[in-house]
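*Asks:* pasted the sequence and its predicted model underneath.
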Number of protein chains: 2
Amino acid sequence: MNVTPYQQDFILHFGEMGSRWGISRTVGQIYALLYVTEAPINADDIVSALGLSRSNVSMGLKELQSWRLVKPQHLPGDRREYFKAPDDLWQIFRTLIEERRKREVDPTLSMLRNALMNNRTGTADAYAEQRLREMQELIELSTQWLDDMQQLEQRTAVKLMKLGGGVSKLLAGKSARRS
Amino acid sequence: MNVTPYQQDFILHFGEMGSRWGISRTVGQIYALLYVTEAPINADDIVSALGLSRSNVSMGLKELQSWRLVKPQHLPGDRREYFKAPDDLWQIFRTLIEERRKREVDPTLSMLRNALMNNRTGTADAYAEQRLREMQELIELSTQWLDDMQQLEQRTAVKLMKLGGGVSKLLAGKSARRS
DNA sequence: TTATAATTTCAGTAATTCCTGAAATTACAA
DNA sequence: TTGTAATTTCAGGAATTACTGAAATTATAA
């Protein structure tokens, strides 16, 4: 399979950004290729398009599947496995948030909950304990909020985001009506 | 300087998480130490607390300053430089969002804007171009929204987050009143 | 200034992560 | 089943990133 110069630029950019996003250059490239390719493609297509080893592509596809960013599928009359990046970009966005949270936030939240299980007030650790508690509270609040947002329908979410800071006027209105 | 077992657990956790967060183990540890330490400390304190080389601590502090996560300061009558993690956790949270965006999102947004500068409809790249455009739109929308949220006062932001999905009721109410 | 304390730079090495090719395993058609 | 295509595993090497100690630089007190 070959790649147009236009696709190539995009693929190389994703490769370079990979290290900042916590994936390797080749995993970034594989995802980028799938993202700009409409039809499902197989591992050998990826090998020929990107010039990677077959085993590297196999491992890369496994990693992308573990991120739920790539879906495997079978074409009738062909025993090879084909792959595709899901179409719905909003869904991709949600998936990314969920997976990054699972990898980058949840382990720390567990650690904090565990460390704060029993009170140690009055010890030399009082300040540290207070700082850990603050951190736990902020993480709990923001992950709970993210959970809530994930429940919203896409249309509602878009409306909210477009509203931007204007949402605070609604809040004010609400309090006004309430009081 | 020495560290209590309670602090130690927290520091080691941050060290291990570092690689997932895009920093090295030692940078993670240095930040964790500063985060749980109330008084400003100097580089040698960090060396003795964590057992790192002096030069590594120097580079780590530089990196944390580039993230704006650590503030240098001077104590009267002492020519050494002291460091402190800012107190306000909400501010830290905002800083993290800004810096990660700068490193992880902005370069891609530039690339997309550039790639989409001139229309190429009708070419073999039609699908790729459409996918790039979708990606650009989503990123523009969400970064603009983040900008808006960053403008809100902390109290308002907390209220909003606690409201969670309930915000959609406000939205509904707004449309109802408007129509 | 000069002396010295404090910090940074940087070349070399250690540690880690990434990637490949060969071998092993799995899946499927005949 | 058997044979072969497709995929995965994994040991070893390549590439990258992290860390150290020594030397250079910078800052400050005398």
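*Replies:* Cool, got the structure.

*Asks:* test my guess that A:Glu99 contacts A:Glu63.
*Replies:* No. Taking C-beta atoms under 8 Å as the definition, A:Glu99 is not a contact partner of A:Glu63, at 11.1 Å. (Each C-beta comes from the backbone N, C-alpha and C, glycine too.)

*Asks:* residue contacts, the spatially closest residue to A:Gly164 that is not a sequence neighbour?
*Replies:* Of all residues not flanking A:Gly164 in the chain, B:Asp148 sits nearest, at 3.4 Å (C-beta to C-beta, 6 or more residues apart in numbering or on different chains). Applying C-beta atoms under 8 Å, 6 or more residues apart in numbering or on different chains to B:Asp148 gives the contacts A:Gly164, A:Gly165, A:Gly166.

*Asks:* who's the nearest residue to A:Leu75 once chain neighbours are set aside bridged to?
*Replies:* For A:Leu75, ignoring the flanking residues on the chain, the nearest one in space by C-beta to C-beta, 6+ apart is A:Tyr82 at 5.6 Å. A:Tyr82 has these beta-bridge partners by DSSP bridges: A:Asn42, A:Gln73.

*Asks:* tell me how many other residues crowd A:Tyr82.
*Replies:* 16 (other C-beta atoms under 10 Å in any protein chain shown).

*Asks:* now do the contacts for it.
*Replies:* A:Tyr82 neighbours (C-beta under 8 Å, 6+ apart): A:Pro40, A:Ile41, A:Asn42, A:Pro72, A:Gln73, A:His74, A:Leu75.

*Asks:* among the residues you listed, which are within reach of DNA strand D?
*Replies:* The residues of the contacts of A:Tyr82 that also fall near DNA strand D, by C-beta under 7 Å from any atom of the strand, are A:Asn42.

*Asks:* what about burial for the contacts of A:Tyr82, which qualify?
*Replies:* A:Pro40, A:Ile41, A:Asn42 (16 or more other C-beta atoms under 10 Å in any protein chain shown).

*Asks:* now flag whichever of the residues you listed is closest to DNA strand C.
*Replies:* Distances from DNA strand C to these, taken as C-beta to the nearest atom of the strand, are shortest for A:Asn42 (13.1 Å).

*Asks:* so what's the closest one scoring on pLDDT?
*Replies:* At A:Asn42, the model reports a pLDDT of 98.

*Asks:* dump the contacts of B:Asp148 to CSV, plus secondary structure and neighbour count.
*Replies:* Shown next, in CSV, are the contacts of B:Asp148 (DSSP: H, G, I helix; E, B strand; the rest coil; neighbours: other C-beta atoms under 10 Å in any protein chain shown):
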residue, secondary structure, neighbour count
A:Gly164, helix, 17
A:Gly165, helix, 14
A:Gly166, helix, 11
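
*Asks:* closest to DNA strand C out of those?
*Replies:* A:Gly164 (36.0 Å).
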